[in-house]
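# Here is my input; please provide its structure:
(chains A and B)
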There are 2 protein chains.
Amino acid sequence: MEVTNRYITTKTHIDGAPKESLFELKTEALALSVEPGSNVVIVKNLYISIDPYQINRMKSQSSSQKSISRAVGIAPGEVIDTYGVAKVVASGNPNFEKDDLVVGFITWGEYSVLKEGTILNKLDTMGFPLTYHVGILAYAGFFEVCKPKKGEKVFVSAASGSVGNMVGQYAKQLGCYVVGCAGTKQKVELLKEKLGFDDAFNYKEETDLQSALKRYFPDGIDIYFDNVGGEMLEAAVDNMNTFGRIAVCGVIAEYTDAGKRAAPDMLNVVYKRIRIQGYLVVDYLNVYEDFISTTSDHLRTGNMQALEDITSGVENIPSAFIGLFRGDNIGKKVVKLADE
Amino acid sequence: MEVTNRYITTKTHIDGAPKESLFELKTEALALSVEPGSNVVIVKNLYISIDPYQINRMKSQSSSQKSISRAVGIAPGEVIDTYGVAKVVASGNPNFEKDDLVVGFITWGEYSVLKEGTILNKLDTMGFPLTYHVGILAYAGFFEVCKPKKGEKVFVSAASGSVGNMVGQYAKQLGCYVVGCAGTKQKVELLKEKLGFDDAFNYKEETDLQSALKRYFPDGIDIYFDNVGGEMLEAAVDNMNTFGRIAVCGVIAEYTDAGKRAAPDMLNVVYKRIRIQGYLVVDYLNVYEDFISTTSDHLRTGNMQALEDITSGVENIPSAFIGLFRGDNIGKKVVKLADE
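Prediction:
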């Protein structure tokens, strides 16, 4: 059987903010069959995760020589890989068979041809939304990097975003005091009303972030889960408690403007014995099972809410991606490509 | 018995670079006896450690509201406490008796009156220079914070300084590749010739620190032991390897100029999973015995060199202290107050 596969590529490297005109929808004829023993798996994509970090992979080498070492680059014209959920349509790999639901690195497209070595796992759909499997970045970053304790004071930036909203909810489940910041009144309300944050504020209405944090954390911050970098990181360092931990998950302030760097006060880092730690999800795949079971339980019991922002259709992937950098999304940005 | 005790105080808070005119030599009559059961210990100071961090304690609250939380402030006119070695002359504390050699927090003076609660330990003088007991900051920072492994590549800034020279030597003993930077040709030679560093360079002769580090670490830096902050920290972050560790021991670039902050590239922190960690020696007193025995052994066998820069006399404490910020000292700056 042969289908027409539609997929998205970049036309050029992208060094500033992404624009629709820099992306292209391509089509190809795809045979849904594999050579026996080839280990190739062909899947029909159901949901893909739309993630800001991809912009770093799209940068040109000349603009950022470092982008190469940061992540495998996305070459213009080529298929773009991404975390997502799919259904197997043909498999030469003995670990997978037709109609298996899988989660792993698929593509910005309708179908994915996955070679041996692609990270792919079978999916247990029981009691857990398909689209929520991407939250391991929140789980690993909060529990493994921050090493939180009950009662600690947790600050989350971009708190209504894909990772931030889950971090805040995990922190509440653990019994922490949690304050988040976001960029609209609607998002702030959602954090407080729907997600159970102890408090939340709109950073765009604050003229002095350091004072704002002092107001929300009169006793200081024990854990800062950083999704943005820049001035917010500086303000957080100034408000950290002794032995505070900062997980650096994202640096959205730097993604499209390399000049917007934070200059945290290292004197505070010394005297407060602050730990600032970057991490990637690939380092924590060992906690994947814990993540799934814990999160499933919380979602099933209603202790946690799945906050998803779903767009449909392969042709809408570029606009969904571009919207991330404008703060359009509330919760995890997902593009749905097909029904199960 | 009563003596005249001479000691140094500050005349005012000190917010910029320290100057001789801001210090004062005072005298007082001191009775060398204590009330029985008072737990007070009076010691004759032998050697005191002269440390850059003290400048942060001298700052005014108005110039740096944060200095208060950073460390107990030094009030103008009052006795200044410091780490050092002394001999007990009178004791109301059952743990100490006359003529015991002790190490702990004594004063910038000839005698110290130490109240209950002062950190003070008896000293074993065997095979270990008295003045070298202050090196636990190097030992704890390198082994406990950086968690080094044999063969790793270690960069040390202010490498001929009190802490840096020991970190480099510990790293060599462990089998690491070690490069240090310092501010004079003489210091650079000393690191290579006397202390066994694999290489060393004069940072003042480098126009581009990032390129300099790339030259000395073509395969990247695994551990950066940071004594200076500022541009060197930025350059180090750019040259760190995956899972690199940065121990922030000192931030001399910020001590007398709060504007000289580092703005490390947090994207590198994320993608390389870099850990940046501040620490203070008080958190690692549990490794004190290890530090003493390990360091004693290395010094006795000649595997490590004690690098000391000794000035004599209470009246010379201010100039010794001021010299730290000009890079006058080579090795641990110590003021000798009396013979044993």
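
# Look up how far A:Lys19 lies from the residue nearest to A:Glu315 when sequence neighbours are not counted.
Take A:Glu315 and drop its neighbours on the chain: the residue closest to it by Cβ to Cβ, 6 or more residues apart in numbering or on different chains is A:Leu25, 5.6 Å away. (C-beta placed from N, C-alpha, C; glycine too.) Going from A:Leu25 to A:Lys19 by Cβ to Cβ, to the nearest Å gives 15 Å.

# do A:Thr301 as well
Taken as Cβ to Cβ, the span from A:Thr301 to A:Lys19 is 43 Å.

# And A:Gln210, by the same measure?
A:Gln210 sits 34 Å away from A:Lys19 when distances are taken as Cβ to Cβ.

# Show me which of these two is the more surrounded one.
Just comparing A:Gln210 and A:Lys19: by other Cβ atoms under 10 Å in any protein chain shown the higher neighbour count belongs to A:Gln210, 16 against 10.

# List the residues that contact that one.
With contacts defined as Cβ atoms under 8 Å, 6 or more residues apart in numbering or on different chains, the neighbours of A:Gln210 are A:Glu234, A:Ala235, A:Asp238, A:Asn239.

# Need the nearest residue in space to the last one, chain neighbours excluded.
If the residues on either side of it in the chain are set aside, A:Asn239 comes closest to A:Leu213, at 4.3 Å by Cβ to Cβ, 6+ apart.

# So that neighbour lies in a strand, does it not?
No. Going by DSSP: H, G, I helix; E, B strand; the rest coil, the assignment for A:Leu213 is helix, not a strand.

# okay, now it: neighbour count?
25.

# same check, this time on A:Ser60
A:Ser60, neighbours per other Cβ under 10 Å, totals 14.

# shouldn't it be in contact with A:His13?
Yes. Contact criterion Cβ atoms under 8 Å: A:Ser60 and A:His13 qualify, at 3.5 Å.

# wait, what's in contact with the residue nearest to A:Pro18 when sequence neighbours are not counted?
Spatially, and ignoring its direct neighbours in sequence, A:Pro18 is nearest to A:Ile322 (5.0 Å; Cβ to Cβ, 6+ apart). By Cβ under 8 Å, 6+ apart, A:Ile322 lies in contact with A:Ala17, A:Pro18, A:Lys19, A:Glu20.

# Skipping its backbone neighbours, what lies nearest A:Ser91 in space?
A:Val41 (4.8 Å).

# Could you check how many residues crowd around the one you found?
Neighbour tally, A:Val41, other Cβ under 10 Å: 27.

# So what's the gap between stretch A:85-98 and the chain middle?
Put simply, stretch A:85-98 sits 25 Å off its chain's centre (Cα atoms, centre = their mean, to the nearest Å).

# on that earlier part again, quick check: the residue nearest to A:Asn239 vs B:Ala138, distance?
To B:Ala138, A:Leu213 is 34 Å away according to Cβ to Cβ.

# try A:Asp339
62 Å.

# Neighbour count: those two, which is higher?
Neighbour count, other Cβ under 10 Å: between A:Asp339 and B:Ala138, B:Ala138 has more, with 29 against 7.

# tell me which element that one falls in.
Per DSSP states H and E, B:Ala138 falls inside helix B:136-139.

# now could you export just the CA positions of that helix as CSV?
Output of helix B:136-139 as CSV, limited to C-alpha atoms (Å, rounded to 0.1, in the frame of the first residue of the first chain):
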residue,chain,number,x,y,z
ILE,B,136,40.1,23.0,53.4
LEU,B,137,38.3,25.4,51.0
ALA,B,138,40.4,23.9,48.2
TYR,B,139,39.9,20.4,49.3
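
# From the rest of the structure, what touches that helix?
By Cβ under 8 Å, 6+ apart, helix B:136-139 touches B:162-167, B:170, B:249, B:281, B:284-285, B:287-288, B:290-291, B:294-295.

# shaky segments in the stretch 51-200 of chain A?
A:62-71, A:124-134 (pLDDT under 70).

# so what's the closest residue to A:Lys336 other than its chain neighbours up against?
Leaving aside its sequence neighbours, A:Lys336 sits nearest to A:Ser312 (Cβ to Cβ, 6+ apart; 4.7 Å). When contacts are counted by Cβ under 8 Å, 6+ apart, A:Ser312 touches A:Val335, A:Lys336, A:Leu337.

# Out of the residues you listed, which sit inside strands?
Among the contacts of A:Ser312, the ones falling in strands (DSSP state E) are A:Val335, A:Lys336.

# Can I get the buried ones among the contacts of A:Ser312 as something I can paste into PyMOL?
Per 16 or more other Cβ atoms under 10 Å in any protein chain shown, the buried members of these correspond to this PyMOL selection:
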select buried, chain A and resi 335+336+337
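
# Mind putting the contacts of A:Ser312 into CSV with distance to A:Asn329 and pLDDT?
Listed next are these as CSV, based on distance: Cβ to Cβ, whole Å; pLDDT from 0 to 100:
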residue, distance to A:Asn329, pLDDT
A:Val335, 11, 94
A:Lys336, 14, 94
A:Leu337, 17, 96
